[in-house]
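**Student:** Turn this into a model:
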Amino acid sequence: TDTSWRQFLRTQASSMLAVDFFHVDCAVTLRRLYVLFVLEVGDRYLHILGVTGRPDGPWTTQQARNLVMDLGDHAARFRFLVRDRGSQFAASFDAVMADAGVEVVKIPPRCPRANCFAERFVLTIRTEVTDRMLIFGERHFRQVLAVYAAHYNARRPHGAMRLRPPCPTSPAPEPVHGKIQRRRILGGLINEYEAAA
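**Tutor:** Numbers count the residues shown, from 1 in each chain. Reported below is the predicted structural model:
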């Protein structure tokens, strides 16, 4: 009770998950698609749980079950899941997380900044991808999300982590004095750089 929200987030970051939705409007199908994602707050690892046109309680609960199965034994290291009070998060969603030993913490009403890690990810994906390209339909959106999630988790530098990605695929690079090679991601929307062979 004597701990501020900021102190709670800082001290519990390694054992915390943040969950939220964001949406994209498709250019060809004219459908609004919602993405449910979870962020491991301590290392910023991203899990895209699913894409749907109708995010209701049963669908969200199934995505929670899928997350718990995907985490496997790794789920035991998480104590808290921070979420908003949206109607998509049914009591069954909370029950699935509680069965996995994860306590659901609801943020105060109309206070999205309390789920700051999830909100920051929404800003990141919007500014880096979805605001800069047309999404044609659900299949295209799923492909874009898969490519971006792989980039975000393995290659994208994160300021809070001393410019390291959540799950690097290679050791920290040494300064390069030779040629540098660029690899285009999502048609050149994002670029990754490495030493040329």
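
**Student:** Could you report the distance from Ala154 to Leu46?
**Tutor:** Distance of Ala154 to Leu46, given as CB to CB, to the nearest Å: 10 Å. Any C-beta I mention is one placed from the backbone N, CA and C, and that applies to glycine too.

**Student:** who touches both of these two?
**Tutor:** Pro166 (CB atoms under 8 Å, 6 or more residues apart in numbering).

**Student:** The two: which is more packed in?
**Tutor:** A count of neighbours by other CB atoms under 10 Å puts Leu46 above the other of Ala154 and Leu46, at 21 against 14.

**Student:** For that one, list each beta-bridge partner.
**Tutor:** Taking DSSP bridges, one finds Leu39 as the beta-bridge partners of Leu46.

**Student:** got the contact list for it?
**Tutor:** Leu46 neighbours (CB under 8 Å, 6+ apart): Phe37, Val38, Leu39, Glu40, Phe121, Ala149, Tyr152, Asn153, Pro166.

**Student:** out of these, which one sits closest to Arg83?
**Tutor:** For these, the residue nearest Arg83 by CB to CB is Val38; the value is 9.5 Å.

**Student:** what about the residue nearest to the closest one when sequence neighbours are not counted, how many neighbours?
**Tutor:** Using CB to CB, 6 or more residues apart in numbering and skipping residues adjacent in sequence, the residue nearest Val38 is His47, 4.4 Å away. The number of residues packed near His47 is 18, by other CB under 10 Å.

**Student:** Mind pulling up the pLDDT for His47?
**Tutor:** Looking at His47, its pLDDT is 97.

**Student:** Pretty sure it sits against Asp20.
**Tutor:** No. With contact defined as CB atoms under 8 Å, His47 does not reach Asp20; the gap is 11.9 Å.

**Student:** Common neighbours of those two, please.
**Tutor:** Phe37.

**Student:** Leu33 belongs to a helix, doesn't it?
**Tutor:** No. Looking at Leu33 with DSSP: H, G, I helix; E, B strand; the rest coil, it is strand, so not inside a helix.
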